[in-house]
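> Next comes the sequence, and after it the predicted model I'd like to discuss.
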Amino acid sequence: MTLDPAAGGDGPLAGSPLGDRGVWLGATVGAVGLLMSALVLARGGGYYVVVPRLAIVVPLALVGVVCVLATAGVGRAAMNAVTWLGVIALGGLAWNVLTYSFKFHSAVWSVLIPRIHPVGVDFRDGLYRPAAIFSTAHSGWPPLTLLLGKPFTLVSLSTGYAIQAAILVACALGATVLSAKLAMKVAGTPRPEGHAGAPLPGAVRERAIDTPLLALVMGLWLFTSYGFMYEVERGNIDLYALVLSLLAVWAMLRARSPWLPALLLAGAIGLKLYPAILLVVLLWRYRRRAVVPAIVTTVAALLAAGPANLRSSVSSLDALQGNVHAEWWGQTSATAMTHVLRAHTGWAPSWVGYPLIVVPLALWAGTMVVLLRRGWSERGAVLAAAACVPPMAIVPAVSNDYKLVLCVFPLAVLAVLVSTMKRAPVVWTALFGVLAFVMIFLARSTMLVAPSLQGSKYTLLVVVQVLLLAAVLLTDPRRMARPSTSTGSAS
């Protein structure tokens, strides 16, 4: 009897999809989700009772079924893994938005988003009004936002917000394409192993992916996500910072001089301070040559509106970080998670906030150390940049959920890593399933399950960090080659 190394078994079903341990893992998860869904429906209780109870078990069933189909198709004539993640994104849309639209119709946005009157309040108080008086005294935003907001003051507030919403849509499109192109840098094909290029025992066969498909899937996820809806409703500028940050990473891969990537990154830091963590990648790329450009461009961005506005920004930001708003459950920060634990459990000690901030920082540091020890490469740079995204949302005390739009980049990187990974089916299925589950729940509105631990996105962001670190450790760079144009190279 001939063994199929992709089957992961040696019984009578070896060599067929039913012999894959990964298929059985997915089938088990799906069966549990379907059984629990049936039990919830059997108990009944009306819409407001049944739907919240189904909020976890239905996505669990969806993930299990898709895992079975994706794993069974690995190495065979079937849809690739990115396409199956597209199915996950569609399933998330159906559950996260359409399920509630059928009940609440046009009022669904008030159910999904923590709206504040008037619409676009962040645009009004963060960009428009501060730019009109050219002062950051009450905005809490970095000084460069005054220059960004100045052109909007040439029109009325309502017209300015409409323009801002259109720009945010354009930025989301740009961020999706850039994320897909950068993510393709981590794709690769293992060099032949064993006799006649045969795959290693227990390894699954190659899965081809391409940039347009990846961009389509990630765009579907981003535009139907709670974070994007929330960003547009508030009129915030996280997508501006994301586009500039991704352009800076792209420039690091292309430019010999550090000035262009430093300038782009300084622009992102001048709008939202958290992209400063990417300075680590800049310094890794250019070493000491990056020090002067990084300092000059960043200082220039922070002083763009004058020293007085920089002082006002620091004072306002300091006051905002210590405000009770930092304890609101609709955030992704470690501070908010600490409050949720303390408020909704009887066991959380007073010091629980320390490990909540140390764990994500340790995961980030561990990922960076592994990558830095491997030496500079395009693949390593993209992985390092993706690993920097979760701390952007976790570390600041005030980190509202519209910052979840940043996740389109690390999720795209994970989609490529998992799709091209050569591992035993059971390992591949586990990673694929966790990624699919995270995609569904990062896109889900916090309002529907709050205030509770289910509503916090902190844990999901930490899981993204764990997935990135696991993928980095499981993919040996010595056996990775640049993807050819036939498999969708972004070069």
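Noted; the coordinates are in hand. Numbering: from 1, shown residues only.
> Can you pull up the most central residue in the chain?
Most central residue of the chain, judged by C-alpha distance to the mean C-alpha position with C-alpha atoms, centre = their mean, is Cys407 at 1.7 Å.
> nearest residue to that one other than its sequence neighbours?
Counting by C-beta to C-beta, 6 or more residues apart in numbering, the nearest residue to Cys407 once its immediate chain neighbours are dropped is Leu442, at 5.6 Å. C-betas here are computed from N, CA, C, even on glycine.
> Contact partners for the one you found?
Contact analysis of Leu442 by C-beta atoms under 8 Å, 6 or more residues apart in numbering lists 225, 227, 404, 407, 411, 457, 460, 464.
> Rank those by pLDDT and give me only the lowest.
Least confident of the contacts of Leu442 in the model: Lys457, at 91.
> okay, the residue nearest to it when sequence neighbours are not counted: pLDDT?
The shortest distance from Lys457 to any residue that is not its chain neighbour, by C-beta to C-beta, 6+ apart, is 4.5 Å, and that residue is Thr332. At Thr332, the model reports a pLDDT of 89.
> Repeat that for the one 10 residues further on.
According to the model's per-residue confidence, Arg342 sits at a pLDDT of 81.
> same question, the one 10 residues further on
On the pLDDT scale, Val352 is placed at 89.
> so is the nearest residue to Leu320 once chain neighbours are set aside in a helix, a strand, or just coil?
In this structure, Leu320 finds its nearest non-sequential neighbour in Gly140, 4.5 Å apart by C-beta to C-beta, 6+ apart. Under the three-state scheme (DSSP: H, G, I helix; E, B strand; the rest coil), Gly140 adopts coil.
> ok now do Gly140, which residues does it touch?
Shown in contact with Gly140 (C-beta under 8 Å, 6+ apart): 126, 313, 316-317, 319-320.
> Please apply the same query to Asp125.
For Asp125, the contacting residues are 138-139, by C-beta under 8 Å, 6+ apart.
> That one belongs to a helix?
Yes. Checked against three-state DSSP, Asp125 lies within a helix.
> Quick check: it vs Arg43, distance?
When C-beta to C-beta, to the nearest Å is the yardstick, Asp125 and Arg43 sit 46 Å from each other.
> where are the low-confidence patches of the stretch 1-150 of the chain?
The stretch 1-150 of the chain contains residues with pLDDT under 70 at 1-19, 73-79.
> list the buried ones in the strand or helix carrying Ala470?
Per DSSP states H and E: Ala470 is located in helix 458-474. When burial is assessed from 16 or more other C-beta atoms under 10 Å, helix 458-474 yields the following buried residues: 458, 460-472.
> Show which residues not belonging to that helix make contact with it.
Surrounding helix 458-474, the residues in contact under the criterion C-beta under 8 Å, 6+ apart are 332-334, 336-337, 356, 359-360, 363-364, 366-367, 370-371, 383, 386-387, 389-390, 393-394, 407, 410-411, 413-414, 417-418, 421, 423, 427, 431, 434-435, 438, 441-442, 453.
> same thing with stretch 128-135?
136-139, 141, 145-150, 152-153, 157, 160-161, 305, 309, 312.
> contacting residues around Ala55?
Taking C-beta under 8 Å, 6+ apart as the definition, contacts of Ala55 comprise 95, 444, 448-449, 454.
> could you dump those to a markdown table with secondary structure, distance to Pro261 and neighbour count?
Listed next are those as a markdown table, based on DSSP: H, G, I helix; E, B strand; the rest coil; distance: C-beta to C-beta, whole Å; neighbours: other C-beta atoms under 10 Å:
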| residue | secondary structure | distance to Pro261 | neighbour count |
| --- | --- | --- | --- |
| Trp95 | helix | 39 | 19 |
| Arg444 | coil | 34 | 24 |
| Leu448 | helix | 40 | 17 |
| Val449 | helix | 40 | 17 |
| Gln454 | helix | 39 | 16 |
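> Between those residues, which sits nearest Leu260?
Using C-beta to C-beta, the shortest approach to Leu260 within the contacts of Ala55 belongs to Arg444, at 37.8 Å.
> Distance of the closest one relative to Val359?
Separation of Arg444 from Val359 (C-beta to C-beta): 23 Å.
> and if you look at Pro349?
Distance, Pro349 to Val359, using C-beta to C-beta: 15 Å.
> Between those two, which is the more surrounded one?
Val359 (15 against 9; other C-beta atoms under 10 Å).
> In space, what's closest to the more buried one - neighbours in sequence excluded?
Nearest non-adjacent residue to Val359, counting by C-beta to C-beta, 6+ apart: Val462, 6.5 Å away.
> Show me how far stretch 222-231 is from its chain's centre.
Stretch 222-231 has its C-alpha centroid displaced from the chain centroid by 12 Å (C-alpha atoms, centre = their mean, to the nearest Å).
> now the end-to-end length of that stretch.
Stretch 222-231 has its terminal residues 11 Å apart, counting by C-alpha to C-alpha, to the nearest Å.
> ok, residues contacting that stretch?
When contacts are defined by C-beta under 8 Å, 6+ apart, stretch 222-231 is touched by residues 89, 92-93, 96-97, 109, 112-114, 168, 172, 175-176, 238-239, 400-405, 407-408, 442-446.
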